[in-house]
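Engineer: Okay, sequence plus prediction incoming.
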Amino acid sequence: MKRATRIIISGGGTGGHIFPAISIANALKRMEPGCEILFVGATGRMEMEKVPAAGYKIIGLNISGIQRGSIAKNLSLPFKLLGSMRKALQLIADFKPDVVVGVGGYASGPILFAASLKNVPYLIQEQNSYAGITNKWLGKKAAKICVAFDDMDQFFPTGNILKTGNPVRKDVVDIVQKHHAGAELLKLDPLKKTILVTGGSLGAGTLNKSIEKHLQELIDVDVQVIWQTGKFYYKGIVERVGLDFHPNIRILEFLNKMDMAYAAADLIISRAGAGTIAELCLIKKPVILVPSPNVAEDHQTKNAMALVKQNAALLIADRSAEDTLVREALSLLEDKERSKMFSENIGKMALPDSDNIIAEEVMILARKGGHDGVRND
């Protein structure tokens, strides 16, 4: 009897890597309920909690990135890398996967390299518009590279690229007919113009400073703000501003019902992570992107530029946001034609059903690499 398909999914570090990985795993389970999925993450990173919470087994590798400003911590990196490679090779030998999926993050490199050494086909899910060094190198031998942006043949072999988009959490982008309910949940007036400011679960210092500095201007024009500060900044902002500063300003550490916040908003201000952009394309509302300057190879700016080139979003540089962001946001709210153009163009870039498309590719590779007789046992 043919055994169940076995798949390793590797990567993590941030929600932008973890949630797409879980979405792909869920799609695989829908296609083949009996398939065996093993996650491989980095010890101490958030995937070690999020993945088990989603119902999947995960094994951690003792791997980390380069620590800026700490030579002592970096001295252990070669030993961590060697140890992770040994463990990755052992995992491949023990689990005998038919295919390995890499979604980015510290753990992806060792496990994908181990797969290549063991002749196990692997798929890379490249989320950004600019591929990192590890993915560019591993992409040379990848059986398939699933991407979310155009012009990725500058990084990967053209014949192996498939534009799938980035998987998103379906509940987060389900905003149809939720505008009034979202405003009510957030104790806002559904008839007033509303800006959603989100810097992710940890928060974004620049976005928070930009809003805090110009709160009175927003109040003066009677614009509401859903201000998601992130856990690093929430306490300080509440101490300085006060939790009930003004009825138009809703200060929140985290948004448990992101769909309601998206639905209530007329304009969204955000960082430019690949996962967030995938959501925003499906939301189809005017967007101002303020790319984080603190990411590898400045990929958030490149992600944002992919939208700007299509007249699908407005980009404000991090260095100028504190002075210009609120002014530009209020201007865009007033400009109905420009807002409509951004909404329509960002919607054209939406790639729904990414999780199922990627899962189908994984199953095709599994059948080619394993179920045709090479890796059956």
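Structural biologist: It's in.

Engineer: contacting residues for Glu344?
Structural biologist: Each residue near Glu344 by CB atoms under 8 Å, 6 or more residues apart in numbering is listed here: Lys284. For the C-beta atoms, the positions are set from N, CA and C on the backbone; glycine is no exception.

Engineer: try 10 Å this time
Structural biologist: 284, 311-312 (CB atoms under 10 Å, 6 or more residues apart in numbering).

Engineer: likewise Ala359?
Structural biologist: 7, 23-32, 35, 101, 164, 167.

Engineer: From those, which land in helices?
Structural biologist: Of the contacts of Ala359, the ones assigned to helices by DSSP state H are 23-31.

Engineer: of these, buried ones?
Structural biologist: Taking 16 or more other CB atoms under 10 Å as the criterion, what is buried in the ones in helices among the contacts of Ala359 is 23-28.

Engineer: Lowest average confidence across helices and strands of the protein, where is it?
Structural biologist: helix 71-74 (a mean of 56; mean pLDDT, DSSP states H and E).

Engineer: Name the SS class of the residue nearest to Ala265 when sequence neighbours are not counted, please.
Structural biologist: Nearest residue to Ala265, sequence neighbours excluded (CB to CB, 6 or more residues apart in numbering): Leu196, at 3.7 Å. Secondary structure for Leu196, judged by DSSP: H, G, I helix; E, B strand; the rest coil, is strand.

Engineer: pretty sure Leu196 is touching Asp259, no?
Structural biologist: No - between Leu196 and Asp259 there is no contact under CB atoms under 10 Å: 11.6 Å.

Engineer: follow-up on the earlier one: what about the contacts of Glu344, which one has the most neighbours?
Structural biologist: Ala312 (25 neighbours; other CB atoms under 10 Å).

Engineer: list the contacts for that one?
Structural biologist: Ala312 touches 277, 280-281, 284, 286-287, 289, 304, 306, 341-349, counting by CB under 10 Å, 6+ apart.

Engineer: Surely it is in a helix?
Structural biologist: No - Ala312: not assigned to a helix; according to three-state DSSP it is coil.

Engineer: So it versus Ser270, what's the distance?
Structural biologist: For Ala312, the distance to Ser270 (CB to CB, to the nearest Å) stands at 13 Å.

Engineer: so what's in contact with these two at the same time?
Structural biologist: Joint contacts of Ala312 and Ser270 (CB under 10 Å, 6+ apart) are 277, 280, 287, 289, 304.

Engineer: Out of these, which two sit at the greatest distance?
Structural biologist: Leu280 and Ala304 (10.6 Å; CB to CB).

Engineer: Give the residues shared as contacts by these two.
Structural biologist: With CB under 10 Å, 6+ apart, Leu280 and Ala304 have common neighbours 270, 272, 287, 289, 312-313.

Engineer: Tell me which stretches of the stretch 151-300 of the chain form strands.
Structural biologist: 161-163, 194-198, 224-228, 249-252, 267-270, 287-289 (DSSP state E, counting those that start in this stretch).

Engineer: right, so of those, which gets closest to His214?
Structural biologist: Closest among the strands of the stretch 151-300 of the chain, once you apply CB to CB, is strand 224-228, at 9.9 Å.

Engineer: send the alpha carbons of the closest one over as CSV?
Structural biologist: Listed next in CSV are the C-alpha coordinates belonging to strand 224-228 (Å, rounded to 0.1, in the frame of the first residue of the first chain):
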residue,chain,number,x,y,z
GLN,A,224,-10.8,58.9,13.4
VAL,A,225,-7.7,56.7,14.0
ILE,A,226,-7.4,53.0,14.8
TRP,A,227,-3.9,53.2,16.2
GLN,A,228,-2.3,49.8,16.7
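
Engineer: Show me what it is packed up against.
Structural biologist: helix 179-185, strand 194-198, helix 205-213, helix 215-220, helix 234-241, strand 249-252, helix 258-264, strand 267-270 (3 or more CB pairs under 10 Å, 6 or more residues apart in numbering; DSSP states H and E).

Engineer: Show the residue spans covered by the helices in the stretch 251-377 of the chain.
Structural biologist: Secondary structure of the stretch 251-377 of the chain (DSSP state H, counting those that start in this stretch): helices located at 258-264, 274-283, 299-308, 318-334, 336-348, 354-366.

Engineer: Would you mind giving the shared contacts of Ala312 and Ser270 as JSON lines with neighbour count added?
Structural biologist: Putting the shared contacts of Ala312 and Ser270 into JSON lines (neighbours: other CB atoms under 10 Å) gives the following:
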{"residue": "Ile277", "neighbour count": "32"}
{"residue": "Leu280", "neighbour count": "26"}
{"residue": "Val287", "neighbour count": "27"}
{"residue": "Leu289", "neighbour count": "25"}
{"residue": "Ala304", "neighbour count": "27"}
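
Engineer: Can you tell me which of the residues you listed is nearest Asn356?
Structural biologist: Nearest member of the shared contacts of Ala312 and Ser270 to Asn356, counting by CB to CB, is Ile277, at 19.6 Å.

Engineer: okay, now the closest residue to the closest one other than its chain neighbours: neighbour count?
Structural biologist: Nearest residue to Ile277, sequence neighbours excluded (CB to CB, 6+ apart): Asn303, at 5.6 Å. Counted by other CB under 10 Å, the residues lying close to Asn303 total 26.

Engineer: Against Glu49, how distant is Asn303?
Structural biologist: 26 Å.

Engineer: next one: Leu123
Structural biologist: For Leu123, the distance to Glu49 - CB to CB - is 25 Å.
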